[in-house]
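Visitor: Predicted structure and sequence below. I'll ask about it afterward.
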Amino acid sequence: MHRRSLFLLLIAVLAVEIASCGGHSTPPPVTVTVFAGSQTVPAGKSASFTATVANNANQSVTWAVVGGAANGTINSAGIYTAPASVPNPPAVTVTATAQADPAATGQASITVTVGVTVFPGSAALQTLGTAQFSASVQGSSNQSVTWQVDGVPGGNLTVGTITSGGFYQAPESVPVNASIGKTVTVSIQAVPQASTTISASAIVTVTSINQLGEATPVELGSSGGNADDLTSTECASGTLGALVVRAGTQYILSNNHVLARSDAASLGEPIIQPGLVDAPNPCVAGSGTTTVAHLTQFVNLEQTNPPADAAIAQIVAGTVDTSGAILELGDTGNANSLPPVEAPASTLLPVSSLKPNITAVAKSGRSTGLTCSTILATGLDVSVQYERGLGGTKFTATFQNQIAVNGGTFSAAGDSGSLIVSQAGAQPVALLFAGSSTNSVGAPAATVLASLPDANNNIPTFVGPATRNAVAGCTSSGADAFSAIGSSNSAAGRAATKPSAAQMAQAEAVKNQNAANLLSDSAVLAVGVERSLDRPDRAAIVIFVQKGQPLVRPLPCSLSEIPTRIIAVDSLPKAGALDHKSTAGLLKTVGVPAADAAAGPTPAQLAAARVVKDKYSAALMKQPGILGVGVTASLDDPSEPAILVFVEVGKRHNPIPLEVGGFRVRLKRSDKFRAFGWGHPRHL
């Protein structure tokens, strides 16, 4: 009995082994997995599906759309085409059946949406040029769209405007990304009213006429530069700024780093129009370029405290408009055409008459064309980065008593050498030579001319009429949208940190200690706490005063190391000592006061501030992280001047006092001011 059981067990084991070595087993089933290339597809458009067949070498599948042609079609390659109208429901299922096993299928879904297409898909326009765009809406009988420019319905003066019918007009000035100092394209978007969650776009490249090569005699404000300003891999261009005359001979005026290659040039080198970047064959002089002048004289930049970045080149007879006309600087024009060329006034606007945040200026340059803004500061001592010759050794030049212009969009790479003039009468103000993402810097026109005498001490003068009317482009569609008070146009300008909770609490305590004394003055209506505008990382004691009513005693610039912020108002809904929330609410109600010429610092106040600036500037400029020191108007009290200190973003600097010599100190964050790179667009 025992032997029989053992024998049967052996047979069973052998049977299992035989079955595992040479018997039959069931193969794994064929399966199909379908992948959708996207989750949605506009009506009438196509999308791709793919399928993977598992457990079979035959990867071929048969495609089908559930519900048939009403839900779209799909070809043998898995390309699905949505129907012309959005189906109901909009979710469409596609199946794939394995040809190796008709029982094996897989599926995936996609949602059909309203679609939109913009025509044309791209356009290249000069400033104030126009283009007609149209939109086709797929999947809806409602063909209406809302037009936007860079996400702004209808656009604006900065990026261009577009009508409800898709008619686009480029802005007066070439759009600029201030954070990188370069011109940028704009996007035209059509948003279907039938489905506002989708859009289609076209790209517009806006250029200025200043970049073009001109027939002789050429006008100024145009692209130009030294014919030798190139290396084996890159070249550079700037702006031929203005026409000057000295002892009866006419010269093109521009920067040293545009005409004289930052001290690397030899006298007599050819100056061409357009510059090498804009030549028909970029970086090749003589092919589509005209030699319009020869380098005559330049201010050496590597001396101690050079007075200006300036150079002149004697014109070649017949190649330059001898009237001194500058592109787009004319006093007539309309919203549908570029302002005409016209010479600036020959009479300078004195630096002493410049009012920070109030005096309006303009320039016409190679890269951005005509731009308009206001003066930020005068008497600016500033460090500017250079390189000797294109790609050469870098060095820093420190200039004294220069001029700064508000806004990071006033200029861009290639505008170096542009003449900055007053908007009101096109009077020369400064020669633009450097910039950052926040501001442009120019050398005062009088300083520029005085730095270029001949051997007999003859000084150049500008070619043009004694007086001029206003620059038309700045009074029509070309006005810069920049607001000088409390505004920032760049990442660098927005880098300031907000006051900490501890700072706000400290300011609140100081306010409470001084509120009764401040409110005892009948002209003081309310006292609160908010952010300082002169020192954006600091809390301030906000003092609301009755506009037009004299103060019994002057208000302090600071209290216990907390800056004060003075706001003149006609009336207030609340009065007395206010908490932070109430102060913030009032500021939203009254807004930030606009710059007021009548209420701004007087010339005498600005002159006194400049004396103080001159006293402390050298010491400040030696400190780490300080880029420049000048004179401006306070933002915390627009009726007072302030010492302006540029501090470098991301760099540590020593503590800077709230007041110097009795004047407020206003901080402005910026990246480094540069002439190379910023001042030269390059062809790489």
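Guide: Yes, it's here. Numbers count the residues shown, from 1 in each chain.
Visitor: drop to CA atoms for contacts and neighbour counts, all remaining ones
Guide: Noted.
Visitor: Next, the buried residues of stretch 624-636.
Guide: 625-636 (16 or more other C-alpha atoms under 10 Å).
Visitor: Correct me if wrong, but residue 411 is in a strand.
Guide: No: applying DSSP: H, G, I helix; E, B strand; the rest coil, one finds residue 411 to be coil, outside a strand.
Visitor: Just give the number of residues close to it.
Guide: 41 (other C-alpha atoms under 10 Å).
Visitor: In contact with it: list those residues for me.
Guide: 176, 181, 365, 367-368, 371, 435, 440 (C-alpha atoms under 8 Å, 6 or more residues apart in numbering).
Visitor: Show me which of the residues you listed is closest to residue 234.
Guide: residue 367 (17.6 Å; C-alpha to C-alpha).
Visitor: That closest one touches residue 415, doesn't it?
Guide: Yes: using C-alpha atoms under 8 Å, residue 367 is in contact with residue 415, at 5.6 Å.
Visitor: More neighbours: which of these two?
Guide: More crowded of residue 367 and residue 415, by other C-alpha under 10 Å: residue 415, with 35 against 31.
Visitor: Can you tell me how far that one is from residue 221?
Guide: 9 Å (C-alpha to C-alpha, to the nearest Å).
Visitor: okay, and the common contacts of the two?
Guide: What both residue 415 and residue 221 touch, as defined by C-alpha under 8 Å, 6+ apart, is the set 239, 365-366.
Visitor: a markdown table for those, including distance to residue 559?
Guide: Output for these, formatted as a markdown table (distance: C-alpha to C-alpha, whole Å):
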| residue | distance to residue 559 |
| --- | --- |
| 239 | 48 |
| 365 | 46 |
| 366 | 48 |
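Visitor: Tabulate those residues in CSV, adding columns for neighbour count, secondary structure and distance to residue 457.
Guide: Supplementary listing: the shared contacts of residue 415 and residue 221 in CSV, determined by neighbours: other C-alpha atoms under 10 Å; DSSP: H, G, I helix; E, B strand; the rest coil; distance: C-alpha to C-alpha, whole Å:
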residue, neighbour count, secondary structure, distance to residue 457
239, 35, strand, 27
365, 37, strand, 30
366, 35, coil, 32
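Visitor: Check the contacts of residue 411 for the minimum pLDDT and say which it is.
Guide: The lowest pLDDT within the contacts of residue 411 belongs to residue 181, with 64.
Visitor: just to revisit the earlier point, most neighbours, which of the contacts of residue 411?
Guide: residue 365 (37 neighbours).
Visitor: Distance-wise, check that one relative to residue 31.
Guide: Taken as C-alpha to C-alpha, the span from residue 365 to residue 31 is 67 Å.
Visitor: re the thing from before, which of the buried residues of stretch 624-636 lies closest to residue 277?
Guide: Out of those, the member with the shortest distance to residue 277 (by C-alpha to C-alpha) is residue 627, at 29.7 Å.
Visitor: residues in contact with the closest one?
Guide: By C-alpha under 8 Å, 6+ apart, the contact set of residue 627 is 382-383, 621, 645-648, 672-673.
Visitor: Mind naming the longest strand for the protein?
Guide: Longest strand in the chain, counting residues (DSSP state E): strand 369-387.
Visitor: Give the next helix or strand downstream of that strand.
Guide: Helices and strands here follow DSSP states H and E; after strand 369-387, the next one along the chain is strand 394-406.
Visitor: Closest one of the shared contacts of residue 415 and residue 221 to residue 354?
Guide: Of all these, residue 365 has the smallest distance to residue 354: 21.7 Å, by C-alpha to C-alpha.
Visitor: The closest one touches residue 239, doesn't it?
Guide: Yes: with contacts counted by C-alpha under 8 Å, residue 365 reaches residue 239, the gap being 5.8 Å.
Visitor: Give the residues shared as contacts by these two.
Guide: Joint contacts of residue 365 and residue 239 (C-alpha under 8 Å, 6+ apart) are 221-223, 414-418.
Visitor: I'd like these as CSV, with distance to residue 56, pLDDT and secondary structure appended.
Guide: Shown next, in CSV, are the shared contacts of residue 365 and residue 239 (distance: C-alpha to C-alpha, whole Å; pLDDT from 0 to 100; DSSP: H, G, I helix; E, B strand; the rest coil):
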residue, distance to residue 56, pLDDT, secondary structure
221, 72, 97, coil
222, 69, 97, strand
223, 67, 96, strand
414, 64, 92, coil
415, 67, 94, coil
416, 69, 95, coil
417, 72, 97, coil
418, 72, 98, coil
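Visitor: Distance of residue 646 relative to residue 653?
Guide: 11 Å.
Visitor: Likewise for residue 329?
Guide: 41 Å.
Visitor: So those two - more neighbours on which side?
Guide: residue 329 (28 against 13).
Visitor: thinking that one is in contact with residue 342, fair?
Guide: Yes: between residue 329 and residue 342 there is a contact under C-alpha under 8 Å: 5.6 Å.
Visitor: Any buried residues in the longest strand of the chain, and which?
Guide: Buried, per 16+ other C-alpha under 10 Å, within strand 369-387: 369-387.
Visitor: Show me what that strand is packed against.
Guide: strand 360-365, strand 394-406, helix 472-475, strand 626-633, strand 673-674 (3 or more C-alpha pairs under 8 Å, 6 or more residues apart in numbering; DSSP states H and E).
Visitor: C-terminal to the third one, what's the next element?
Guide: So that's helix 472-475. Criterion used, DSSP H and E; the element after helix 472-475 is helix 501-519.
Visitor: What average pLDDT does that following helix get?
Guide: Rounded mean pLDDT across helix 501-519 is 95.
Visitor: quick one: buried residues of that helix?
Guide: Across helix 501-519, burial judged by 16+ other C-alpha under 10 Å covers 503-504, 506-508, 510-512, 515, 518-519.
Visitor: May I see those organised as a markdown table, with distance to residue 542 added?
Guide: Output for the buried residues of helix 501-519, formatted as a markdown table (distance: C-alpha to C-alpha, whole Å):
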| residue | distance to residue 542 |
| --- | --- |
| 503 | 14 |
| 504 | 12 |
| 506 | 14 |
| 507 | 10 |
| 508 | 10 |
| 510 | 12 |
| 511 | 9 |
| 512 | 12 |
| 515 | 11 |
| 518 | 11 |
| 519 | 12 |
